[in-house]
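Asks: Attaching a predicted model along with its sequence, questions to come.
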Amino acid sequence: MIDPYGEPDDTAVAVAAVRAGADMVRAMYGRRLDRIDKGAGDFATTADVAAERAILEVIRAARPGDAVLGEEGGQQGASGAVRRWLVDPLCGTLNYAVGNMLVAVNVALRGGAAAVADPFSGEVFFTDGETAWVRGDGGDTRLAPTAATRLVDVNLDPPFPNAPGFRAVDMLADEEFVGRFRPRVVSTTLALAWVAAGKRAAYVTDGGDLSGSVHFAAGIALCRAAGCVVTGVDGGPIGATGRGLVVAADADSHGRLMSVIRGRQ
């Protein structure tokens, strides 16, 4: 909890917010949940909504003048606010809805602190924008990316804005890719936190500019602070002209992935 008598820094706010969301996600797990249709096969559940509400309560209490962009509630707060929080209260809704615990809670202050919570392991991955840590039962540990596992998460969900030049699914049939790496599909941006923590060698997804996405902002901030290589699928910087996302634990793994991607374009 945030000390009501002190002034918490942004990192403490981010950590408190994802913990509040994770507590709600964990408490509602296994219940019969109503689904809210978003179209094109996408949906939210009442757990998504409840978790976002819990997160917003923390942010509003600590930073009442800040704006928030939530996955479920959209833009809230002063439209001209310089500071904006990006909130994805339950990343991996489909996993969660069918009883799979691979989900994440993401909160990021645009250009600053960020946190990602795993509601079921109890781990909270966080950064102040400069360094990155994981908080567990044993305290805080500095994140140390490594490609030793050779495990690479490839997001296969549509849309595919860069097809036919790039389709992530094509990587799974590439001899260079399967010869060097071992593909996985976690279906949640928890995989980004795992790259920062050394549990994954890399993560690849299609898309446009993901730097301001409620889904990806917290994970990108973690990976950058941990020292990962972060680019688009074209090898360029992510941002207004970015294309998708390639995050690797080290330069060698990133180079090999880019070789595979460029070889299929």
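Replies: Nice, thanks for sending it over.
Asks: and the lengthiest helix in the chain, how far from the chain's centre?
Replies: Using DSSP state H to define each element, the chain has its longest helix at helix 10-28. Offset of helix 10-28 from its chain centre (C-alpha atoms, centre = their mean, to the nearest Å): 14 Å.
Asks: May I have the following helix or strand past it exported as CSV, CA atoms only?
Replies: Going down the chain from helix 10-28, the next helix or strand is strand 35-39, by DSSP states H and E. What follows is strand 35-39 as a C-alpha-only set of coordinates in CSV (Å, rounded to 0.1, in the frame of the first residue of the first chain):
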residue,chain,number,x,y,z
ARG,A,35,-18.1,-11.5,-21.1
ILE,A,36,-18.2,-8.0,-22.8
ASP,A,37,-17.9,-8.4,-26.6
LYS,A,38,-15.4,-6.0,-28.3
GLY,A,39,-16.0,-7.4,-31.8
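Asks: Return the distance of strand 35-39 from the chain's centre.
Replies: Relative to its chain's centre, strand 35-39 lies at 21 Å (C-alpha atoms, centre = their mean).
Asks: List the neighbouring strands of it plus their orientation.
Replies: When pairing is defined by DSSP bridges, strand 35-39 lines up against strand 42-45 (antiparallel).
Asks: Looking at the partner strand now, give me its mean pLDDT.
Replies: For strand 42-45, mean pLDDT is 90.
Asks: ok, and for the helix or strand that contains Leu56, which residues are buried?
Replies: For Leu56, the element it lies in under DSSP H and E is helix 46-62. Neighbour counts over helix 46-62 (16 or more other C-beta atoms under 10 Å) mark 47-56, 58-59, 62 as buried. From N, CA and C alone the C-beta is placed, and that goes for glycine too.
Asks: For Ala20, see how far away Asn106 is.
Replies: Counting by C-beta to C-beta, to the nearest Å, the gap from Asn106 to Ala20 is 13 Å.
Asks: do Thr205 as well
Replies: 27 Å.
Asks: Looking at those two, which has the bigger crowd around it?
Replies: Ala20 (24 against 21; other C-beta atoms under 10 Å).
Asks: right, and that one touches Leu56 too?
Replies: No: in terms of C-beta atoms under 8 Å, Ala20 does not count as a neighbour of Leu56; the distance is 9.2 Å.
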